[in-house]
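Novice: coords below, sequence missing:
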């Protein structure tokens, strides 16, 4: 079977893309590539801690391939570090990278062009799926996620930390994509059919910075027997 990596953001679209590819049986997903901002040890843009990222990839049975980038990160630095990781993957017999993109043509063209330079190809299993129906499908299948990053120019910061569920979909203002494909929000998936077990999390502080609201998710540690929360 042809080998592939999945571009893993920690969010619902990459998780669902993994689910769809595994169901099709056309590719063997042998790892997940994620950019982590080295200054903070957090998933770039999403703000999810590396600890939770690794827990998530363990539950998804995906060996991590972490690309560390600085903050701020000039585009040429990002492209150079990603290209180095892709060259390494190609030398291991990996020819494809899976993305969870839905309909942004410029993003798709950019990904295809960057991989073509290395002799690899991009795969888009969710491409042009109607996002309202896709969001409902994810929720109905048991996918659980929380909004970890909200663009305050497109959506109220009060949505940060909320569960990605039917109630949230009903509360989204007109013009906001149900899957956040225009960058309105980003998510962290904690359970779903692509995982062997749930990653228990709780919402910590909500931090607003540079126009974005971030919900700091933290591992939920079970209380010890005989103790009570105070």
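Specialist: The structure has been received and is ready for your questions. Remember, predicted model here, so these are calculated numbers, not experimental data.

Novice: hey, let's count contacts and neighbours off CA atoms from now on
Specialist: Noted.

Novice: list the buried residues in the longest strand seen in the chain.
Specialist: When the chain is parsed with DSSP state E, its longest strand is strand 27-37. Buried residues in strand 27-37, counted by 16 or more other CA atoms under 10 Å: 27, 29, 31, 32, 33, 34, 35, 36, 37.

Novice: quick check: the fourth one touching residue 62?
Specialist: So that's residue 32. Yes: in this structure, residue 32 is within contact of residue 62 by CA atoms under 8 Å, at 5.9 Å.

Novice: between these two, which contacts overlap?
Specialist: Common contacts of residue 32 and residue 62 (CA atoms under 8 Å, 6 or more residues apart in numbering): none found.

Novice: any chance of the buried residues of strand 27-37 in JSON lines, plus distance to residue 165?
Specialist: Shown next, in JSON lines, are the buried residues of strand 27-37 (distance: CA to CA, whole Å):
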{"residue": "27", "distance to residue 165": "30"}
{"residue": "29", "distance to residue 165": "27"}
{"residue": "31", "distance to residue 165": "28"}
{"residue": "32", "distance to residue 165": "25"}
{"residue": "33", "distance to residue 165": "27"}
{"residue": "34", "distance to residue 165": "25"}
{"residue": "35", "distance to residue 165": "27"}
{"residue": "36", "distance to residue 165": "27"}
{"residue": "37", "distance to residue 165": "28"}
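
Novice: now, which of these sits nearest residue 193?
Specialist: Nearest to residue 193 out of the buried residues of strand 27-37 is residue 29 (CA to CA; 15.4 Å).

Novice: and that closest one, bridged to which residues?
Specialist: Beta-bridge pairing for residue 29 (DSSP bridges): residue 4.

Novice: mind checking pLDDT for it?
Specialist: At residue 29, the predicted lDDT confidence score is 98.

Novice: quick one, what contacts it?
Specialist: The contact partners of residue 29, by CA under 8 Å, 6+ apart, come to 3, 4, 5, 6, 18, 22, 62.
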